[in-house]
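Chemist: Predicted model and sequence follow; I will ask about them next.
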Amino acid sequence: MVLGLGTGSTAAFAVDRIGQLLKEGKLKNIVAVPTSIRTYEQAKSLGIPLATLDEQPNLDLAIDGADEVDPALNVVKGRGGALLREKMVELASKKFVCIVDESKLVDGLGGSKDAMPVEVVQFCWKYNLERLQALPELAGCKAKLRMNGEKPYVTDNSNYIVDLYFDTPIKDSHAASKAILALVGVVDHGLFLDMVDVVIIAGSTGIEVKQK
Ligand SMILES: O=C(CO)[C@H](O)[C@H](O)COP(=O)(O)O
């Protein structure tokens, strides 16, 4: 089985568990494609056999966390900065499972008031930040360059991230996705639309599984 390994504090538990099952001999014949350098290092330290997307372009299953989940199982991802590799790996997977806790559930994407990330090239990032903020499809959003201390945060792909903040949920996330991707210099965004097959939600009363 070819497995996509997500990034973030929740996905890290899944990666640990996969490593443990391999060690105990309860899981065999898997190869995993990590979605970030962080996850690559974690998986390597656990002895999980690894490959790149170039080597394994057809994945059976990808497991990852998410920042927001709407009722149609569309999600926001990328507050951990790994959105581009996550989207590439998860789109290449036959099945994509998200694991979240109930705090991630929203009525509409952008509704948590926290960041919806957009990965942009470093060249004239400010120009693109202003163009993102001015898109009618993102009406009223505030855009901020993600920082790492005094310096801009740099992704595994050597790009910057512009975080978008909304007062109210995005009206039409498909239109927003299209408009963002039409800006030259934008690499990708954290709207993962029509991608998730299953969401496993941990809540105070137990586990709930939602599927498409
Ligand atoms: O998209 C991601 C990283 O780019 C993460 O999956 C997302 O931010 C959720 O992280 P966490 O499980 O730590 O809340």
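Modeler: Happy to help now that I have it.
Chemist: Residue 123 falls within a helix, correct?
Modeler: No - using DSSP: H, G, I helix; E, B strand; the rest coil, the secondary structure at residue 123 is coil, not a helix.
Chemist: what about the host helix or strand of residue 84, distance to the chain center?
Modeler: Element membership of residue 84 [criterion: DSSP states H and E] is helix 83-91. Counting by Cα atoms, centre = their mean, to the nearest Å, helix 83-91 is centred 7 Å from the centre of its parent chain.
Chemist: is that helix anywhere near the ligand?
Modeler: Yes - judged by Cβ under 6 Å from any ligand atom, helix 83-91 comes into contact with the ligand through 83, 86. C-beta here means a position set from N, CA and C on the backbone, and glycine is covered the same way.
Chemist: Report the separation between the residue most central in space within the chain and the ligand.
Modeler: For the chain, the residue nearest the mean C-alpha position is residue 77 (3.3 Å; Cα atoms, centre = their mean). From residue 77 across to the ligand, the span is 3 Å (Cβ to the nearest ligand atom, to the nearest Å).
Chemist: So residue 161 sits against residue 118, correct?
Modeler: Yes - if you go by Cβ atoms under 8 Å, residue 161 and residue 118 touch, sitting 6.9 Å apart.
Chemist: thinking again about what came up before, so the residue nearest to the centre of the chain sits against residue 66, correct?
Modeler: Yes - under the criterion of Cβ under 8 Å, residue 77 makes contact with residue 66 at 5.3 Å.
Chemist: what's the longest strand in the chain?
Modeler: strand 93-101 (DSSP state E).
Chemist: so for that strand, what's the average pLDDT?
Modeler: Across strand 93-101, pLDDT averages out at 98.
Chemist: ok, now stretch 61-77?
Modeler: Stretch 61-77 comes out at a mean pLDDT of 98.
Chemist: And it, what's buried?
Modeler: Buried residues in stretch 61-77, counted by 16 or more other Cβ atoms under 10 Å: 61-70, 73-77.
Chemist: and what of stretch 186-206?
Modeler: Here stretch 186-206 shows 186-193, 195-201 as buried, counting by 16+ other Cβ under 10 Å.
Chemist: Close to the ligand: what parts of the chain are there?
Modeler: Going by Cβ under 6 Å from any ligand atom, the residues of the chain near the ligand are 6-11, 64-67, 77-83, 86.
Chemist: let's see it at 8 Å
Modeler: Proximity of the chain to the ligand, by Cβ under 8 Å from any ligand atom, involves residues 6-12, 35-36, 64-67, 77-83, 86, 99-100, 104, 117, 190.
Chemist: Sitting in helices, which of those residues do you find?
Modeler: 9, 10, 11, 12, 83, 86 (DSSP state H).
Chemist: okay, the fifth one: pLDDT?
Modeler: Predicted confidence (pLDDT) for residue 83: 98.
Chemist: Alright, I will stop here.
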